Structure formats: C-alpha cells, structure tokens
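[1] I'll drop the sequence and a predicted model, then ask my questions.
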Amino acid sequence: MNPNPPPFNPAADEQASLWAARLDGSALSAADRSALDAWLASGPAHRDLLSQYCQLSADLEQKLPALAAVDAVDFLPPAATRRRSRWVRWTAGGSLAAAAAVALTVWLARPQTQLETVATPVGQRQSLTLADGTRIDLNAQTNLQVEITGRTRHVLLASGEAFFAVHKDPSRPFIVESPAGSVRVTGTQFNVRAETATTFEVTVIEGSVQAHPGDMNGRASAPQTLGAGDQLSAGPDGMDVRRLSAAGLDDALAWRQGQVVFHGVALGDALARFARYHGRGITVSPDAARKRIGGRYSLDDLDGFLSFIEEGLQVHVTHDLNGTVQVSNRAAH
C-alpha cells in the first residue's frame, strides 16, 4: 500500500467515474476518444483513477451473483434498475448493501461494452480486468487494444506478451489477434507471445484453444487445436507444436513473477529477451551469440545477468556512453 496516497481531487474523481460509465455503456466516437485522451494527458493521476473505476465495475459484476444469493440487493427500488446509476466512490466503510446497489444498477444497465488501448512501458508489468470479467497480465513493452461488445470480444495484441484468463461465455467467442496469428476461445487460460511481426507463440494452461498461425513463407497455415500443456511456436522457419510438462508451463509463465528461464538457449536470443524488456540496445558478436546458456534469472536485474555471463561464459561486456551494451567473445580482447 502506498503510505502517501495523492490527495483526493473531487473534480478528477467525478470525471473519471463519468468516463468509466461511458466506456461501459457504448463504444466512444472519434471525438469522444480524442476528448478522453486529452483528459488522461492533463493529469498524472487521471489514468489510474479511470483504471480504478473500470476495475470496480468488473469486480462488482463478478460479486453480484453472490450478493443476490443472500438477498443483499432486495432493497433496491425497481425504478433504479431502469436507468444507469450514477457512479459512486467506493470507500472502506461502505456497507454490503450499498455495494450491492451499485453492482445491480450498473450490471443490469450496461451492455458490457469496452474499447480500450493499453501499453506497458519498459521494465514494468501490468494486470487489468475487462468488462466481461476476463483478466489479462501484460509483460513489459506490450501493446494491445480491447474491443468488447454485446456480441463479440476481440483483442489486438500489436506486440509483446500477455496471459489471458478468459471469462467463459459460449455466446461470445474471445479472439486474440497478432500480426503473425490469432487465437479463438470461449473461456480458458493461455499465454500469447508476439514480440515481432513474424513470430507467434501460444501456450495453453487450461482448457483448449484454436490457434491459427498467419501465412508462413507465402503458404497458408491450417488452424491448430491446442489443449492444456500444448505450446505452438510459429515463425519464418516454420511451425512446431510440443507438449510441456508442469515444470515447462511454469517456466513459460515465469515472466509473470519477473523471471525468465533458459534451457540451452543461444546467448544472442537470451540477450534479446533482456533487451526488449528493458528497452536497451544490446549487440552481440556472432561467436558470443552462439554460446549456450541455461538457468532462471530475474528480468529486472540486467546488470546481474551481464555480470553472470561475463564470468560464466567468458565474454566481454562493454557499456557505451549512450546506454547500449556490447557483448563479445573474451578471446577477441
């Protein structure tokens, strides 16, 4: 918990609640989107406020069945369910009945519509819950666009890596598209990595998905049905589907805990993972790039990883004044 939270700003809080309600109610027009972007840019706390209200709505929707089951919402006047309620601020002292009132009026009135763009900066991960209850964990340097309507659920993963715990809804398939392929599900857990425009990796943790790699080398690829434990990797060199053990699945999702696991990976590829995560330029000489490395490492500790390979793999690491890193074989020095 932040020991020094920012002071409460009633005007900003009010505006955040109104924008959250509009995002829940319908897709924004181009003019509305421009106005929202301008408001988000006008204050450092605005984006976090809006995120809190959107999260509140999703959390209340998930809690509503339990509240209704214990008759916590019986007191709500019938007329209140026929109009969109005004958003109210959630406080630690609010009663269960008040929470249920907000949950019921919002849940009954909104068509579960959401249009949102999310981008994570270098060295930072983020989690969000969508209007339909789906949870997404985003790795650093990830950019995605969310569009949820009453009939469809669609995410464009422009670049990066994300874990999806999709809320089950057979009437609305959940589709994730990337430049190099797409995934279609109705409700399950899976991970998608699309760090370049030509690479596509899908790892399934629970349930099953239909993965459709993009055209490779000018040839169309057939959709692949993947079950729990399957991992599909596609790129310029072709496509491969393999079965992962429980430990392998844990390794594939280690980034969610800020770690990365290598098993005999070329040093050039390992350094590329760190370079992307930190937004740093790292160049590797061909002879050093071919060296192999294994182990579990902290993604946040680039300097520690560079010190390790300098000692363990007998390479030479140079830090340039412009922030780039050069790695070469020590024999060349």
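    In hand now; what should we look at?

[2] outside of stretch 258-277, which residues touch it?
    The contact list for stretch 258-277 (Cβ atoms under 8 Å, 6 or more residues apart in numbering) reads 122-123, 125, 139-141, 195, 251, 254, 280-282, 284, 288-300, 302, 305, 309, 313, 315, 327. Placement of C-beta: from N, CA and C, glycine included.

[3] hmm, try it at 6 Å
    Residues from elsewhere that reach stretch 258-277 (Cβ atoms under 6 Å, 6 or more residues apart in numbering): 140-141, 251, 254, 282, 284, 289, 291-294, 296-300, 302.

[4] so of these, which ones are in strands?
    The members of the contacts of stretch 258-277 that map onto strands under DSSP state E are 282, 284, 292-294, 296-298.

[5] nearest to residue 50 among the residues you listed?
    The closest of these to residue 50 turns out to be residue 298 (Cβ to Cβ; 31.3 Å).

[6] can you select the buried ones among the contacts of stretch 258-277 for me in PyMOL?
    Listed next is the PyMOL selection for buried residues among the contacts of stretch 258-277, using 16 or more other Cβ atoms under 10 Å:
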select buried, resi 140+141+251+254+282+284+289+291+293+297+299+300+302
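
[7] contacting residues for residue 138?
    120, 126, 162.

[8] out of those, who's the most crowded?
    residue 162 (25 neighbours; other Cβ atoms under 10 Å).

[9] the helix or strand where that one lies pairs with which strands?
    According to DSSP states H and E, residue 162 maps onto strand 153-165. Its sheet considered, strand 153-165 pairs with strand 135-138 (antiparallel), strand 143-148 (antiparallel), strand 174-178 (parallel), strand 189-194 (antiparallel) by DSSP bridges.

[10] any residues touching it, and which ones?
    Here strand 153-165 makes contact (Cβ under 6 Å, 6+ apart) with 135-139, 141-147, 172, 174-178, 189-194.

[11] out of these, which are buried?
    For those, buried by 16+ other Cβ under 10 Å: 136-139, 141-142, 144, 146-147, 172, 174-178, 189-194.

[12] which stretches in this protein count as helices?
    Using DSSP state H, the helices of the chain run over 10-25, 30-41, 46-69, 96-109, 246-252, 267-278, 286-289, 302-312.

[13] weakest of those helices by average pLDDT?
    Among the helices of the chain, helix 96-109 carries the lowest mean pLDDT, at a mean of 45.

[14] which of the ones in strands among the contacts of stretch 258-277 sit farthest apart?
    284 and 296 (20.9 Å).

[15] rewinding a little: looking at the ones in strands among the contacts of stretch 258-277, spot the one nearest residue 23.
    residue 298 (35.7 Å).

[16] what sits against the closest one?
    residue 259.

[17] could we number from 11 for the rest of this?
    Right, with 11 as the first residue, what we last looked at is residue 308.

[18] now it: how far from residue 223?
    Separation of residue 308 from residue 223 (Cβ to Cβ, to the nearest Å): 31 Å.

[19] please name the bridge partners of the residue nearest the centre of the chain.
    With distances taken as Cα atoms, centre = their mean, residue 148 lies nearest the centre of the chain, 2.7 Å away. Applying DSSP bridges to residue 148 yields these beta-bridge partners: residue 136, residue 172.
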